[in-house]
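K.L.:
give the three-dimensional model of this entry:
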Amino acid sequence: MEQLTPTEQSQENPIRFRNYLMKSVKWVIGNTLFGLLPLWFIYFLFVISRGKVASSEIDHIIEHDAAILFVCCGMMGAVLWDFMLAGIKLKMSVAFRLFIVPGFVAMVLFTDQVLILLKAIDNTCFNLRSYTTIIIVVLTISFTIFTKANLYVIEDTRNE
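P.N.:
Residues are numbered from 1 along each chain as shown. Okay, here's the model as predicted:
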């Protein structure tokens, strides 16, 4: 009998892969909420004070500190560490593809941070409506959901 790869097994059973995707979505939501906990706390203070305090702190955390983008970077790193800690043997080409998106995101963040520190650009690139933020958030969501789901598939098939 022919041995199927984890991807082929998940394609044979789309309902099971949907469950892995939902588990990944829950992982992303939970980590995002926890990673942005300081921002949520300050927003809570803003709400209970009816906007009298914490407004400038919220703007500072989002635009100057780029907290949302660094949480995105951390989530991608967490998925990569999960792969490494799972002990999965990857071909060099697969490992390269796995590291390309997080590497790109980190490179963009670090480059923007250096350019801001050198006063070559202003910090509007960290604004919630900037192309940088939108691209990084979309890449993070896509990468973490599908990579984490693939990890769940691989781990599950190893345990069967």
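K.L.:
SS state for residue 119?
P.N.:
coil (DSSP: H, G, I helix; E, B strand; the rest coil).
K.L.:
host element of the closest residue to residue 77 other than its chain neighbours?
P.N.:
Leaving aside its chain neighbours, residue 77 sits nearest to residue 102 (6.5 Å; criterion: Cβ to Cβ, 6 or more residues apart in numbering). Heads up, the C-betas are built off the backbone N, CA and C, glycines and all. Using DSSP states H and E, residue 102 falls within helix 92-117.
K.L.:
next: residue 88.
P.N.:
Using DSSP H and E, no helix or strand contains residue 88.
K.L.:
list the contacts for it?
P.N.:
Contacts for residue 88 (Cβ atoms under 8 Å, 6 or more residues apart in numbering) come out as 151, 154.
K.L.:
now do residue 151
P.N.:
79, 82, 83, 86, 88.
K.L.:
what about the longest helix in the protein?
P.N.:
In the chain, taking DSSP state H as the definition, the longest helix is helix 131-159.
K.L.:
list the buried residues for that helix?
P.N.:
By neighbour count on 16 or more other Cβ atoms under 10 Å, the buried set for helix 131-159 is 132-133, 136-137, 139-140, 143-145, 147-154.
K.L.:
check stretch 64-73 too.
P.N.:
66, 67, 68, 69, 70, 71, 72, 73.
K.L.:
looking at these, which is nearest residue 53?
P.N.:
residue 67 (18.4 Å; Cβ to Cβ).
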